[in-house]
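*Asks:* next one to model:
(2 chains)
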Amino acid sequence: MFLIGSIIPNDIELVIPGNVGFFEVVLVVSFLLHILFVNIVVGSSAMAVWQEIKGIRTKKREHDLLAAQLADHTSVLKSIAVVIGVAPLLVVSVIYTQYFYPSTLLIGKAWLSLLIILITAFLILYVYKFRWEKMKTGGKKIFHVLIGATGSIMLLFVPLIFIVSVVGMHYPEMWEGSKGFFHGLFYYPQVWQRYFHFILASFALAGFYLYFWNNRLQKKAKEENKEVSQVEANVQTQGKELGLKVMIGTTGLQLIAGTLLLMSFDADIRLLYMGEDALLTTLLGGGILLTLAMIYFLMKLMKQDKRKYFMMSLASFVLVLGIMGWMRHELREAYLDPYLDEYDRSTSETTEVQEGP
Amino acid sequence: MNFPVVEFPWLGNGTVIAIIAIIHVIISHGVAIGATTLMVSMEFVGIRKNNEGLISMARKFSKWILIITTTVGAITGVGIWFSTMVIQPDSIGSMLRIFFWAWFTEWIVFVTEVVLLIIYYYTWDKWQGAKRVIHNRIGISLAIFSWITAAIITGILSAKLTPGKWTETLSFWNAFFNPTYLPSLAFRTFIAIVLAIALVSLPIKLFVKDKNVQESVFKVFGFWNAIALPGILITGVWYLFKVPAEARELIVWSTGMSESAFNWINILGLVVFVIFGIWMLKSPKKVPIILSLAVFGASMGFIAEFEGVRESVRKPYIIYDYMFANGIKEKDVERYNEEGYLPNSTFASVDEVTDENQYEAGEEIYKGQCLACHTVDGWREKRAFSNRIEGWNEEGIDTYIESLHETRPFMPPFVGTDEERAALSHFLANVVEDKKADERAEAKEGDQ
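*Replies:* The predicted model follows:
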């Protein structure tokens, strides 16, 4: 497909029903909420399979139980992740129609294949969860691991489709040479850097959630004075420990993945984050410092299981999350800046002939 | 063509949306609303009459409702949006602008619905004894929220057929509370109940061994059916009278059946439902399995027919009186006829017809104006050019296209200059001829 004349399509004629700035805030906030759940789901699904294999090898029941717990998290939270995703998709479609539609339609078939992949993966993960007790021994157990692994691999693949679509938005000049999804994986810059940044975050968050959940179970048992079997108690302590370890390790690696991502930006945009733009530079610097602080608190928490350290870790995490979401949005704005100036969107300011709702 | 075009050459672009939409309608109506209502009713009656069989049946329902709605149900729901974005970007792009706040509210309702469903499913053991009532109330809220999602989306959906005053005022409220909003919402509500009964009766006959449980279950179903079946008929007639006359005339045509076949098949389907309904009331212990099967089949047929008709009678429009089925706005027709269609298409590979590029230009126009409904060589023969215009020459096609919207009023007019029309005719005549030549060559090879 070749582009002639204007590269950017005309915006839909009907006005955007609200203030664009306000929509940007809604977009960032709802996207963060969505991606938070997605991260936990993707990370937990892979960790479940990992733990189950560990359980087979060590023959320890604790590992298997922890794996089952992770599979539970995956299956419950994925339903919430999906519905929360409606809002950011709605807003991005409405305020960036001229960019989001072309980049996504250029990988239209992969985009539609998401439906088949997600339905299959979710059904497989239900089988994985509900058949745990019935496929406990011998060959059945191996088959059970394979079921979980298949679902998890599908979930690990899905983000690539979204990433190609969203990264494609940043590069209207490249649309002309785009040849579909698989081509897009290596055609657009940033794709793999973003993917690794995302995958590390998924494990980090799945780890954090695992800590949080088992901490909750422990507390609840204490409050209700419930008898907990030794195995259950072990699952809870090990869950907390594993969760923190995974989160600290993967977050540490983010310092590398994040740098690689920064390096993949166009030079003029990268420089905005490295001194040229005060806001972006502050955000990036603050983000890095807060991440280091978070790692520090998490390590404290690992040594001394105190609520204070958990709250500090949580607070620094929420700040890091917010900053990352904000920077991600500013990156898109920076890339689209020259186009947004030249090609009008249909807002109540640019379109006077129409009455908005 | 404002956006890149994605083509499904064999299936046809319209069919892709239809497959996803029909699966979604069956699940959203039949499972999310209908089966949930039946489930909480069984729990309600079970608690009141101390009937453990009914309660454990409700519990089984909740597992399947959870599995089905959070996988196929949720994803095909988003899927309608995904597929219309890929196939009808102009239309869905406009709809999102008109109904943004409705969809945004829908989002909040969706999230609540899923959270309630998860709570309901995971708290069966928590709320026991006297507290069972609380569990049941969570279920009732779930059923209500499921219905609210339908109440919102129906406003959006019905506006595409009957936008009413919106085309003049562009007001959200005029679009949402359009002439067919209330009748179609009532109609869909009753359909949800009857569809759910039709969907689950067969599995109950097959897998529930205890006849006493079967009896209690069918008693609950019989009660709902006695309300919903007459409800469908009454609201159906109401709905029909609110549909524009031009659209009403297209109903029988849009099913592809003859008038008498249409009447007979629909009456027969209805009779099956009535017999089934009476049987559940009179003899809930002995509902014949064959009847459950017939009702299951008939309900699938009715749903496919209803959604198919609703989509088809809107033709030539996709948003009535505003946008044609191929995404071209009614008010742009004259401008495109003067300036040309291609120069106004961002993603076309050529912007002007020349002697050298006639075929390519024609193909681009085909993609922009025909592809939404037609294929070159797809499974729906009535819409495949290789079947429809086989043997026609370029001049014949050109003359036909010029007056196509008059001879075939359900088709949008061709828009563009005379040269562009000639290019389209050139492309169509050649692509069909090439296809046929290929087929002949293949047949010959096969003979050897």
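
*Asks:* CA only for contacts and neighbour counts going forward, please
*Replies:* Fine.

*Asks:* could you list the residues in contact with stretch B:427-434?
*Replies:* Residues from elsewhere that reach stretch B:427-434, judged by C-alpha atoms under 8 Å, 6 or more residues apart in numbering or on different chains: B:358-360, B:362-363, B:376, B:385-386, B:389-394, B:397.

*Asks:* right, and out of those, which lies closest to residue A:154?
*Replies:* residue B:376 (34.0 Å; C-alpha to C-alpha).

*Asks:* touching, that closest one and residue B:385? I think so.
*Replies:* Yes. Using C-alpha atoms under 8 Å, residue B:376 is in contact with residue B:385, at 4.9 Å.

*Asks:* longest helix in chain A, please.
*Replies:* helix A:20-58 (DSSP state H).

*Asks:* mind giving me the packing neighbours of that helix?
*Replies:* Counting by 3 or more C-alpha pairs under 8 Å, 6 or more residues apart in numbering or on different chains; DSSP states H and E, the packing neighbours recorded for helix A:20-58 are helix A:61-84, helix A:86-95, helix A:138-169, helix A:191-223, helix A:307-342.

*Asks:* redo these as a markdown table? Include mean pLDDT.
*Replies:* Shown next, in a markdown table, are the helices and strands packed on helix A:20-58 (pLDDT from 0 to 100):
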| stretch | mean pLDDT |
| --- | --- |
| helix A:61-84 | 96 |
| helix A:86-95 | 97 |
| helix A:138-169 | 97 |
| helix A:191-223 | 96 |
| helix A:307-342 | 96 |
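
*Asks:* in a markdown table: these, plus mean neighbour count and distance to chain B.
*Replies:* Listed next are those as a markdown table, based on neighbours: other C-alpha atoms under 10 Å in any protein chain shown; distance: least, C-alpha to the nearest C-alpha, whole Å:
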| stretch | mean neighbour count | distance to chain B |
| --- | --- | --- |
| helix A:61-84 | 23 | 6 |
| helix A:86-95 | 22 | 6 |
| helix A:138-169 | 19 | 12 |
| helix A:191-223 | 20 | 15 |
| helix A:307-342 | 16 | 15 |
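
*Asks:* distance to residue A:231 added to those helices, as a markdown table?
*Replies:* Below are these laid out as a markdown table (distance: least, C-alpha to C-alpha, whole Å):
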| stretch | distance to residue A:231 |
| --- | --- |
| helix A:61-84 | 6 |
| helix A:86-95 | 40 |
| helix A:138-169 | 20 |
| helix A:191-223 | 13 |
| helix A:307-342 | 24 |
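
*Asks:* and residue B:321, which of those helices is closest to it?
*Replies:* Of all those, it is helix A:86-95 that lies closest to residue B:321, at 22.5 Å by C-alpha to C-alpha.

*Asks:* and after the closest one, which helix or strand comes next?
*Replies:* Proceeding N to C from helix A:86-95, the next assigned helix or strand is helix A:97-105, under DSSP states H and E.

*Asks:* that next one close to chain B?
*Replies:* Yes. Residues of helix A:97-105 contacting chain B under C-alpha under 8 Å from any C-alpha of the partner chain: A:97, A:101-102, A:104-105.

*Asks:* how close does residue A:127 sit to chain B?
*Replies:* Residue A:127 sits 10 Å away from chain B, going by C-alpha to the nearest C-alpha, to the nearest Å.

*Asks:* follow-up on the earlier one: out of residue B:376 and residue B:385, which sits in the more crowded spot?
*Replies:* Using other C-alpha atoms under 10 Å in any protein chain shown as the criterion, residue B:376 and residue B:385 rank with residue B:376 on top: 22 against 19.

*Asks:* would you check how far apart that one and chain A are?
*Replies:* Distance from residue B:376 to chain A, by C-alpha to the nearest C-alpha: 19 Å.

*Asks:* ok, residue B:158 next?
*Replies:* For residue B:158, the distance to chain A - C-alpha to the nearest C-alpha - is 18 Å.

*Asks:* surely that residue is within a strand?
*Replies:* No. Counting by DSSP: H, G, I helix; E, B strand; the rest coil, residue B:158 is not found in a strand; it is helix.

*Asks:* so what's the residue count around it?
*Replies:* 24.

*Asks:* now do the contacts for it.
*Replies:* Taking C-alpha under 8 Å, 6+ apart, we find residue B:158 in contact with B:178, B:180-181, B:184.

*Asks:* for the stretch 201-350 of chain B, which residues are neighbours of chain A?
*Replies:* For the stretch 201-350 of chain B, the residues in contact with chain A (C-alpha under 8 Å from any C-alpha) are B:346-350.

*Asks:* ok so, going back, list the buried residues in the longest helix of chain A.
*Replies:* Buried residues in helix A:20-58, counted by 16 or more other C-alpha atoms under 10 Å in any protein chain shown: A:20, A:23-24, A:26-56.

*Asks:* likewise for stretch B:118-126?
*Replies:* For stretch B:118-126, burial by neighbour count (16+ other C-alpha under 10 Å) applies to B:118, B:120-121.

*Asks:* of the residues you listed, closest to residue B:1?
*Replies:* So of the buried residues of stretch B:118-126, ranked by how close each gets to residue B:1 (C-alpha to C-alpha), first place is residue B:118, at 43.2 Å.

*Asks:* give me the distance between the closest one and chain A.
*Replies:* Counting by C-alpha to the nearest C-alpha, the gap from residue B:118 to chain A is 7 Å.

*Asks:* residue in the stretch 201-350 of chain A nearest to chain B?
*Replies:* Of all residues in the stretch 201-350 of chain A, residue A:346 sits closest to chain B, at 10.0 Å by C-alpha to the nearest C-alpha.

*Asks:* that residue: what secondary structure?
*Replies:* Strictly by three-state DSSP, residue A:346 counts as coil.

*Asks:* for residue B:30, which non-adjacent residue is spatially closest?
*Replies:* Leaving out its chain neighbours, the residue that sits closest to residue B:30 by C-alpha to C-alpha, 6 or more residues apart in numbering or on different chains is residue B:196, at 4.2 Å.

*Asks:* helices of the stretch 1-150 of chain B, start to end?
*Replies:* B:13-25, B:36-49, B:52-68, B:74-87, B:89-122, B:132-161 (DSSP state H, counting those that start in this stretch).

*Asks:* mean pLDDT lowest for which of these?
*Replies:* Lowest mean pLDDT of the helices of the stretch 1-150 of chain B: helix B:13-25, a mean of 92.

*Asks:* quick one: contacts of that one?
*Replies:* By C-alpha under 8 Å, 6+ apart, the list of residues contacting helix B:13-25 from outside reads B:7-8, B:72-73, B:76-77, B:79-80, B:83-84, B:87, B:303-304, B:307-308, B:371-374.

*Asks:* which of those are buried, as a ChimeraX select command?
*Replies:* Buried members of the contacts of helix B:13-25, defined by 16+ other C-alpha under 10 Å, are picked up in ChimeraX with:
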select /B:7,8,72,73,76,77,79,80,83,84,87,303,304,308,371,372,374
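
*Asks:* which single residue of the stretch 301-448 of chain B ends up nearest chain A?
*Replies:* residue B:349 (4.7 Å).

*Asks:* secondary structure class for that residue?
*Replies:* On the basis of three-state DSSP, residue B:349 is classed as coil.

*Asks:* tally of neighbours for it?
*Replies:* Applying other C-alpha under 10 Å, we find 17 residues neighbouring residue B:349.

*Asks:* contacting residues around residue 272?
*Replies:* The chain I'm using is chain A. With C-alpha under 8 Å, 6+ apart, residue A:272 has these contacts: A:278, A:280-281.

*Asks:* the chain in question should be chain B.
*Replies:* B:291, B:294-295, B:298.

*Asks:* now, which of the residues you listed lie within helices?
*Replies:* Using DSSP H, the contacts of residue B:272 in helices are B:291, B:294-295, B:298.

*Asks:* closest one of those residues to residue A:263?
*Replies:* The closest of the ones in helices among the contacts of residue B:272, once distances to residue A:263 are taken by C-alpha to C-alpha, is residue B:298, at 60.4 Å.

*Asks:* excluding chain neighbours, what is closest to that closest one?
*Replies:* Once flanking residues are discounted, residue B:298 sits nearest to residue B:269: 5.6 Å by C-alpha to C-alpha, 6+ apart.
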